[in-house]
Structures are given as structure tokens and as C-alpha cells.
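Colleague: One predicted model, sequence on top.
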Amino acid sequence: MPREVRHEARSPEVFDSSDLGEDGQLYICRCGLSSNGALCDGSHNATADEEDGVVYKYEKDDADGSRRPIEGFEFEDE
Ligand code: FES
């Protein structure tokens, strides 16, 4: 259940204590769909029913948008 997500940032993101959750922990997004930079905003819930072995593309990389299965990833040097 991988997904294609476009990232355009070219620099690191700095975190401070204001980024900590109510439990004092820092939640880093791993699904790539967060609208809150590198911090989890709950968008990963949209991926819960993705099927194993299928690659998905979310419209505008938005968890609230539609998604479709894609053939896979294409790399220029292949
Ligand atoms: S892991 Fe990506 S929004 Fe939570």
C-alpha cells in the first residue's frame, strides 16, 4: 500500500515544544498526506483501507480528495 506523494521542500523543518502533542510526544507524518508539514495531522486515516500491493495517488496529495490506483512509480533512468 505505497502511495505517490510530491514533496517540494528543500530545507529541514524545525520543531519546538509547541509542536508536541498533548501527551508530550512528537508525531512525525510517515504517510506523506499531512497538511501540517512533517507533523501528523490525522490524514493517515484515509489510508486505512488501502490494499496491500496497490500503489495509490491521492488527488493533489490531499487525504480528503479522491484517490486512484496507479501502475507504480516511474523513474527517468529506467
Ligand atoms: S502519519 Fe501522515 S498524517 Fe499521520
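Modeller: Alright, I've got the coordinates. Residues are numbered from 1 along each chain as shown.
Colleague: now for stretch 22-40, what's the gap between its first and last residues?
Modeller: 13 Å (C-alpha to C-alpha, to the nearest Å).
Colleague: What's the mean pLDDT across that stretch?
Modeller: Per-region confidence: stretch 22-40 scores 96 on mean pLDDT.
Colleague: Residue numbers of this structure in contact with the ligand?
Modeller: In this structure, the chain approaches the ligand at residues 29-31, 33-34, 40-44, judged by C-beta under 6 Å from any ligand atom. All C-beta spots, glycine's among them, are computed from the backbone N, C-alpha and C.
Colleague: Contact partners for the spatially closest residue to residue 65 that is not a sequence neighbour?
Modeller: In space, residue 65 comes closest to residue 59 once its chain neighbours are excluded; the distance is 3.5 Å by C-beta to C-beta, 6 or more residues apart in numbering. Listed by C-beta atoms under 8 Å, 6 or more residues apart in numbering, the contact partners of residue 59 are 65-68.
Colleague: Quick one, grab the pLDDT at residue 59.
Modeller: Turning to residue 59, the model gives it a pLDDT of 94.
Colleague: quick one, strands of the protein?
Modeller: In order along the chain, the chain carries the following strands (DSSP state E): 3-4, 55-58, 67-70.
Colleague: I'd like the distance from the shortest one to the chain centre, please.
Modeller: With C-alpha atoms, centre = their mean, to the nearest Å as the basis, strand 3-4 stands 8 Å off its chain's centre.
Colleague: do the same with the second one
Modeller: Taking C-alpha atoms, centre = their mean, the mean C-alpha location of strand 55-58 is offset from the chain mean by 11 Å.
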